[in-house]
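Asks: sharing a model prediction with you, sequence too.
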Amino acid sequence: MRRFAAVSWIAIPLAGVLVLSGCSSAKSDSDELQIVANPVAAKPAASPAVTVKPAGQVLATGAVSAVAVAGGTLVVALAQPPSLQVYDLTALASAPVNMPLYSKAEKLTVAPGRVEIAEPGAGVVQQLSLADRKLTETKTGGQPASSIAFGTDRLVAMGAAKDIQVLPAAGPARTIGGQLYSADDLVDTGKGVVVLDRLRTAVFSVDVAGGTVGEGLRAGDGAANAVADSYGRVLVTDARAGALLAFSAGPLILRQRFPVPGGAYGIAYDAQRSLAWVTLTGRNEVVGFDVRGGEPVEKYRFPTVRQPDSVGVDEKSGRVIVGSAAGEGTQVIQP
């Protein structure tokens, strides 16, 4: 069995930032990334009742499981009944297009010209074409947790199956496995692909061409969600410790750990403005951080709907979309 790089943490006098140093370690029967005998994935902190009016406009939707924004289109995944509501961002007063799903969508991911939809309860991933608003499905078996575009291929994180499926445009699928406790999310930084393992609360590099999972690093006490930024990094929310972490991907190194109290959970990135939007489910807030410098700098903070587990951003307008997992609507904020 392969081992992971041992890590030591050195605090430096820059508030909220830790620098990682790593070295190779000899083989043994221990596992440095296993933190408990029976690991449990981090969950969003329970939200209190809303006491401050949510900022912006709130659309009357049901319980939201995921949101995505692309090309002037807002896609809201509802838990019950499992479905999508598709809005024109320029005409939010108009009725959305309703599209049934096989099961609840756990993850929506934007790809060129489409949105990838992972439905673990049905063992399928679907693609929503933004041009004609049609769904195309691919059966994966198991419980797919997320799907992303990778060149002409698609990569599917297979959750409890502990592996990644590579679905080419033509030809047979193949599987990349090893070392993972769960394959929960995939991020393509442009400098390397990284998979998020919530059970191990860790991130791992992925060699897609070589078909292997590489080195892994601890991602806080409760890694929850991840997104790529404009600087070749992976930004990860730590739901248990309340932090925003930044990893470079080639090689995999922890560059920043910034405290974000209040139940950091959902995350989205605005590449036009270098803003990372993080939801705080313990406070019913969403915070916008400028991530261009040596540490995140808070630029915006808004009150949200209750249980703001999901967030997306429209890079053209800068509008931020927050989904309530408690059924209190989908919020549209113009910073």
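Replies: Received the coordinates, thanks.
Asks: tell me where the stretch 51-200 of the chain has helices.
Replies: In the stretch 51-200 of the chain, no helices are defined using DSSP state H, counting those that start in this stretch.
Asks: so for stretch 301-312, mean pLDDT?
Replies: Mean pLDDT, computed over stretch 301-312, is 98.
Asks: typo on my end, it should be stretch 228-237
Replies: 97.
Asks: for it, buried residues please.
Replies: A228, D229, Y231, R233, V234, L235, V236, T237 (16 or more other Cβ atoms under 10 Å). Just so you know, the C-beta spots here come from the backbone N, C-alpha and C atoms, and that holds for glycine as well.
Asks: show me which pair in those is furthest apart.
Replies: Y231 and T237 (17.5 Å; Cβ to Cβ).
Asks: where are the low-confidence patches of the stretch 101-250 of the chain?
Replies: Judged against pLDDT under 70, the stretch 101-250 of the chain has no low-scoring part.
Asks: contacts for stretch 49-61 next, please.
Replies: For stretch 49-61, the surrounding residues in contact (Cβ atoms under 8 Å, 6 or more residues apart in numbering) are 76, 78, 85, 87, 92, 284, 302-306, 320, 322-324, 328-334.
Asks: list the ones among those that fall in strands.
Replies: 76, 78, 85, 87, 302-303, 320, 322-323, 330-333 (DSSP state E).
Asks: I'd like the residues you listed as CSV, with distance to G266 appended.
Replies: Output for the ones in strands among the contacts of stretch 49-61, formatted as CSV (distance: Cβ to Cβ, whole Å):
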residue, distance to G266
V76, 14
L78, 16
Q85, 18
Y87, 19
F302, 13
P303, 15
V320, 11
V322, 8
G323, 8
T330, 13
Q331, 12
V332, 15
I333, 13
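Asks: quick one: residues contacting A325.
Replies: With Cβ under 8 Å, 6+ apart, A325 has these contacts: P44, A63, V64, S65, A79, Q307, P308, D309, S310.
Asks: mind giving me the PyMOL select for the ones in strands among the contacts of stretch 49-61, buried ones only?
Replies: Buried subset of these, written as a PyMOL selection, criterion 16+ other Cβ under 10 Å:
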select buried, resi 76+78+85+87+302+303+320+322+323+330+331+332+333
